[in-house]
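Student: Got a predicted model here, sequence first, then my questions.
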Protein chains: 2
Amino acid sequence: MPSGNRMRYELYYWPSIQGRGEFVRLALEEAGADYVDVARRPARSGMGVPALMRLMGDATLERPPFAPPFLKAGRQLIAQTANILLYLGPRLRLAPRDEAGRLWAHQLQLTVTDFMKEVHDTHHPIAADLYYDEQRREARRYARHFLAGRLPKYLDYFERVLARNGGRWMVGAALTYVDLSMFQVVAGLRYAFPRAMARLAPGIPLLMALHRRVASRPRTAAYLKSKRRLPFNKQGLFRRYPELDLK
Amino acid sequence: MPSGNRMRYELYYWPSIQGRGEFVRLALEEAGADYVDVARRPARSGMGVPALMRLMGDATLERPPFAPPFLKAGRQLIAQTANILLYLGPRLRLAPRDEAGRLWAHQLQLTVTDFMKEVHDTHHPIAADLYYDEQRREARRYARHFLAGRLPKYLDYFERVLARNGGRWMVGAALTYVDLSMFQVVAGLRYAFPRAMARLAPGIPLLMALHRRVASRPRTAAYLKSKRRLPFNKQGLFRRYPELDLK
């Protein structure tokens, strides 16, 4: 495996939200990788959102991505969050060494992906190109079912995976990108659904402890305190609309 | 790479629908792989749905899956449709040989996964555990936006990928599992949304030709005519509810 820490990665993602890009940022940050968060750099330097838009509209790309985030690694352009982590995992030493372990880590990440789509749909159940206010009624109904069914189902599943692996890490005997993603899942859910999460937290003690364990790792802790970590807000994947949370 | 054609795979998926499992079935069939579609075998032989349920509830599994389909390959149990195809692709000679090509094929398959979730949500926009009739009003609104926006966006994207690769195959110079998946996407959409697809077909000539090219491959053609190919129906991913289609 080539030493990825010597490569300069370019991440392309929306500059004003954590969103799906955050799962990639967390891996790059925890590994101390050399990377540029392209769309957050000034447009006058040839970067910024115009660089992201140029790449998305580039008719000469043989392998065009469907949507951000993308990662440029040398001549490769990789999209789909979980696919980017599949690529980065071994290079950043954030994945198991054996193929079966890597597939298992990736399987968990794909389940995180499914979960995140359902979280997104709590505020956008009808269409991503309508405003929240245009689908509030449906969002309330969706969120009620989500909080009662899917949210505990996913969290219980991840808690079970953690328990069966000894309770400390999601996969194998060391931190992987899946642990970083679980940190982000818990952080985001606590932001978006503080009341529901307060209710569920006692039932998922291992996940809550994993969230703290990840947050206290030196590089991740430094990242979370830095300006590179965007705050949660009402444009991202996790949004705090009190009417969607438990009463 | 070990010769996967000598291994007997076990596929675990709901026995009465094509659903997400069909993407795996198509790959196994086109490759002439040795496989058992476990839940479709009789329960009295130790298989059937009870075998699927047993596996889902098995508290001794170190790496429990979240939801079907799963593939048992020797001692490995792999879940998530795109992850199963990532594993099977090289073993069934349905994926590129180089790592970059495999990641690209997988990236496209993950985009198919996203697309399929949105197709599913045309009939279940509020909750998967409610009946269609309990969310018809929301389904109509969702489907209207889906047909006007997301459906053409995804199809145009895949058409563009095909065009940039020369028009014959999605990835590289030979058939891959991505082509099989595109066949299934077109077949399912034509079943579920015949009027919308009749309208869109002239704009996606390469995809429509790929659908025919895949359907006429000897093994796939034999499979499609066999009883192993379940018919589309109103329990699966693709459902024909005329009120959700274009007028």
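Tutor: Noted; the coordinates are in hand. Not measured: the values here are computed from a predicted model. Residues are numbered from 1 along each chain as shown, chains lettered A, B, ... in the order given.

Student: which regions of chain A sit below the pLDDT cut-off?
Tutor: Flagging of chain A using pLDDT under 70 yields the residue ranges A:1-5.

Student: could you give the angle of the top helix by length along it to helix B:99-123?
Tutor: Ranked by residue count under DSSP state H, the longest helix found in chain A is helix A:99-123. Counting by axes from the mean of the first three to the mean of the last three CA atoms, to 10 degrees, helix A:99-123 lies at 30 degrees to helix B:99-123.

Student: For helix A:99-123, which helices and strands make contact with it?
Tutor: Secondary-structure packing of helix A:99-123 (3 or more CB pairs under 8 Å, 6 or more residues apart in numbering or on different chains; DSSP states H and E): helix A:81-91, helix A:136-145, helix A:151-164, helix A:177-192, strand B:76-79, helix B:81-91, helix B:99-123. Where you see a C-beta, it was placed from the backbone N, CA and C, and this is true even at glycine.

Student: could those go into JSON lines alongside distance to B:Val214 and mean neighbour count?
Tutor: Below are the helices and strands packed on helix A:99-123 laid out as JSON lines (distance: least, CB to CB, whole Å; neighbours: other CB atoms under 10 Å in any protein chain shown):
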{"stretch": "helix A:81-91", "distance to B:Val214": "24", "mean neighbour count": "24"}
{"stretch": "helix A:136-145", "distance to B:Val214": "36", "mean neighbour count": "19"}
{"stretch": "helix A:151-164", "distance to B:Val214": "34", "mean neighbour count": "19"}
{"stretch": "helix A:177-192", "distance to B:Val214": "34", "mean neighbour count": "23"}
{"stretch": "strand B:76-79", "distance to B:Val214": "24", "mean neighbour count": "20"}
{"stretch": "helix B:81-91", "distance to B:Val214": "15", "mean neighbour count": "24"}
{"stretch": "helix B:99-123", "distance to B:Val214": "14", "mean neighbour count": "21"}
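
Student: so which of the ones you listed gets nearest A:His123?
Tutor: Across those, A:His123 has its closest neighbour in helix A:136-145 (5.5 Å, CB to CB).

Student: so what secondary structure elements neighbour the closest one?
Tutor: Secondary elements touching helix A:136-145 (3+ CB pairs under 8 Å, 6+ apart): helix A:99-123, helix B:136-145.

Student: Which one of those helices lies nearest to A:Arg228?
Tutor: Ranking these by proximity to A:Arg228 (CB to CB) places helix A:99-123 first, at 20.8 Å.

Student: what angle separates the closest one from helix A:136-145?
Tutor: Angle of helix A:99-123 versus helix A:136-145, following the same axes, to 10 degrees, is 140 degrees.

Student: Helix A:99-123 to helix A:177-192, inter-axis angle?
Tutor: Taking the same axes, to 10 degrees, one finds helix A:99-123 and helix A:177-192 inclined to each other by 10 degrees.

Student: helix/strand/coil for the most far-flung residue of chain A relative to its centre?
Tutor: No residue in chain A sits farther from the centre than A:Thr60, which is 29.2 Å out by CA atoms, centre = their mean. Per DSSP: H, G, I helix; E, B strand; the rest coil, the local secondary structure of A:Thr60 is coil.

Student: Run the chain-centre distance for stretch A:232-243.
Tutor: 15 Å (CA atoms, centre = their mean, to the nearest Å).

Student: can you give me the end-to-end distance of that stretch?
Tutor: End-to-end span of stretch A:232-243 (CA to CA, to the nearest Å): 18 Å.

Student: Identify the residue nearest A:Arg239 in space, chain neighbours excluded?
Tutor: Nearest residue to A:Arg239 in three dimensions, chain neighbours excluded: A:His123, at 5.1 Å (CB to CB, 6 or more residues apart in numbering or on different chains).

Student: In contact with the one you found, which residues?
Tutor: Contacts for A:His123 (CB atoms under 8 Å, 6 or more residues apart in numbering or on different chains) come out as A:132, A:139, A:143, A:239, A:241, A:244.

Student: Could you verify my assumption that A:Ala31 touches A:Gly89?
Tutor: No: here A:Ala31 does not reach A:Gly89: they are 9.7 Å apart, not a contact under CB atoms under 8 Å.

Student: what about the nearest residue to A:Gly172 once chain neighbours are set aside, how many residues close to it?
Tutor: Leaving aside its chain neighbours, A:Gly172 sits nearest to A:Pro96 (4.9 Å; criterion: CB to CB, 6+ apart). A:Pro96 has 19 neighbours, counted by other CB atoms under 10 Å in any protein chain shown.

Student: quick one, what contacts A:Pro96?
Tutor: Neighbour list for A:Pro96: A:102, A:104-105, A:171-172, A:176 [criterion: CB under 8 Å, 6+ apart].

Student: Centre of the chain to stretch A:149-165, how far?
Tutor: Put simply, stretch A:149-165 sits 17 Å off its chain's centre (CA atoms, centre = their mean).

Student: no, scratch that, I was asking about stretch A:68-79
Tutor: In terms of CA atoms, centre = their mean, the centre of stretch A:68-79 is set 16 Å apart from its chain centre.

Student: And what about the residue nearest to A:Gly172, helix, strand or coil?
Tutor: Using three-state DSSP, the structure places A:Pro96 in coil.

Student: quick one, what contacts the residue nearest to A:Leu85 when sequence neighbours are not counted?
Tutor: Setting aside the residues directly before and after it, A:Leu85 is nearest to A:Tyr177 in space (CB to CB, 6+ apart), at 4.8 Å. Applying CB under 8 Å, 6+ apart to A:Tyr177 gives the contacts A:23, A:26-27, A:85, A:88-89, A:92, A:94-95, A:105, A:109.

Student: let's see 7 Å
Tutor: Contact partners of A:Tyr177, counting by CB atoms under 7 Å, 6 or more residues apart in numbering or on different chains, are A:27, A:85, A:89, A:94-95.

Student: and it, how far is that from chain B?
Tutor: Distance of A:Tyr177 to chain B, computed by CB to the nearest CB, to the nearest Å: 15 Å.

Student: Could you do A:Leu200 as well?
Tutor: Look at A:Leu200 and chain B: by CB to the nearest CB, they are 17 Å apart.

Student: A:Leu175 now?
Tutor: From A:Leu175 over to chain B the distance is 18 Å, taken as CB to the nearest CB.

Student: Name the SS class of that residue, please.
Tutor: A:Leu175 ends up coil, using three-state DSSP.

Student: which residues touch it?
Tutor: So A:Leu175 contacts A:94, A:169 (CB under 7 Å, 6+ apart).

Student: repeat for A:Ser181
Tutor: A:Ser181 touches A:23, A:109, A:112, counting by CB under 7 Å, 6+ apart.

Student: Reformat these as CSV; add distance to B:Gln18.
Tutor: As requested, those are arranged in CSV below (distance: CB to CB, whole Å):
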residue, distance to B:Gln18
A:Phe23, 31
A:Gln109, 26
A:Val112, 26
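
Student: Out of those residues, flag the one nearest to B:Ala79.
Tutor: Using CB to CB, these come closest to B:Ala79 at A:Gln109, 12.1 Å.

Student: Just give the nearest non-adjacent residue to that closest one, would you?
Tutor: That would be A:Ala82: by CB to CB, 6+ apart, it lies 4.4 Å from A:Gln109.

Student: what's the domain layout of chain A?
Tutor: A:4-91, A:99-217 (automatic domain parsing).

Student: Output those as TSV; include the columns distance to B:Phe193.
Tutor: Output for those, formatted as TSV (distance: least, CB to CB, whole Å):
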stretch	distance to B:Phe193
domain A:4-91	20
domain A:99-217	16
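
Student: A:Phe188 touches A:Gly236, doesn't it?
Tutor: Just to correct that, residue A:188 is Gly rather than Phe. No: A:Gly188 lies out of contact with A:Gly236 (CB atoms under 7 Å); the separation is 8.2 Å.
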